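A.B. asks: here's my sequence, what's the structure:
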Amino acid sequence: MSSSLPSSFEDFLEHNLTNIDASNPTIPDSCYICHEELDATHQASQITGIPDCSHIFGRDCLVTWVSSNNANRNSCPMCRTTLYVQPLSRQDEVNRLDAALDTMPARWNTLEGRTPQQLHDAQRQGEEILQQHQEEFMQSTEEVLRMSEEVLRDIGELRRRLEGVTGRQVDERPQPHLQNDGEPE
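C.D. replies: Below is the predicted model:
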């Protein structure tokens, strides 16, 4: 993965997405993601600064795509080019820390026959590594919480927009899927 890629979806949205005037004759007629017409109400945006990808989508659709929980969220919906570096999931981070802790007994076994100073240095180094992993985990956790808050804000904003368009309140509870006979599945 190239080190020149944006480091997060926020960085991508800020630096690699350019709005395009709806009257521009070079833009596609519709958004590849939602298939709705690109116009003044459905702002067209072009991916910029990413090698091999300059596709155009509805801005809101692309923002939703890259900030989703979709496994491919860090890739272009059209060509699958990587758009930004995707951080490790919380589970991946836990697995990485578990693997590091699993190697600790083997490291300690290699310390037999060392001087007290060498043992002290090795212990200090182990504590520093553990502290670093704990700090990285806390930063990742804080980032996940921040992103969750942003998603909840976005959901609230989308709900308000939908209510404004439909003129009725949007129920926050998920509706059951109905079978053809009108009965819940």
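A.B. asks: every contact and neighbour count from this point should use C-alpha atoms.
C.D. replies: Will do.
A.B. asks: any low-confidence regions in this structure?
C.D. replies: Applying pLDDT under 70 to the chain flags the ranges 1-3, 87-93, 95-96, 103-113, 170-185.
A.B. asks: if you set the cut-off to 50 instead, what comes out?
C.D. replies: 1-3 (pLDDT under 50).
A.B. asks: which parts of it belong to which domain?
C.D. replies: When the chain is parsed with automatic domain parsing, its domains come out as 1-86, 90-165.
A.B. asks: how far away from the center of its chain is the last one?
C.D. replies: Using Cα atoms, centre = their mean, to the nearest Å, we find the averaged C-alpha position of domain 90-165 to lie 17 Å away from the chain's own average C-alpha position.
A.B. asks: for this protein, longest helix please?
C.D. replies: When the chain is parsed with DSSP state H, its longest helix is helix 116-166.
A.B. asks: and that one, what does it pack onto?
C.D. replies: Other elements packing on helix 116-166 under the criterion 3 or more Cα pairs under 8 Å, 6 or more residues apart in numbering; DSSP states H and E are helix 90-102.
A.B. asks: closest to the centroid, which residue in the protein?
C.D. replies: Nearest to the mean C-alpha position of the chain, counting by Cα atoms, centre = their mean, stands residue 67 at 4.9 Å.
A.B. asks: check contacts around it.
C.D. replies: Contact analysis of residue 67 by Cα atoms under 8 Å, 6 or more residues apart in numbering lists 9, 73, 151.
A.B. asks: confirm the second one sits in a strand?
C.D. replies: In this case it means residue 73. No - read with DSSP: H, G, I helix; E, B strand; the rest coil, residue 73 is coil and lies in no strand.
A.B. asks: for burial, what's the neighbour tally of it?
C.D. replies: By the measure other Cα atoms under 10 Å, the count of residues near residue 73 is 21.
A.B. asks: and the residue nearest to it when sequence neighbours are not counted, how close does it get to residue 78?
C.D. replies: Distances taken as Cα to Cα, 6 or more residues apart in numbering put residue 66 closest to residue 73, at 4.6 Å, once the chain neighbours are dropped. Noted for residue 66: a distance of 13 Å to residue 78, by Cα to Cα, to the nearest Å.
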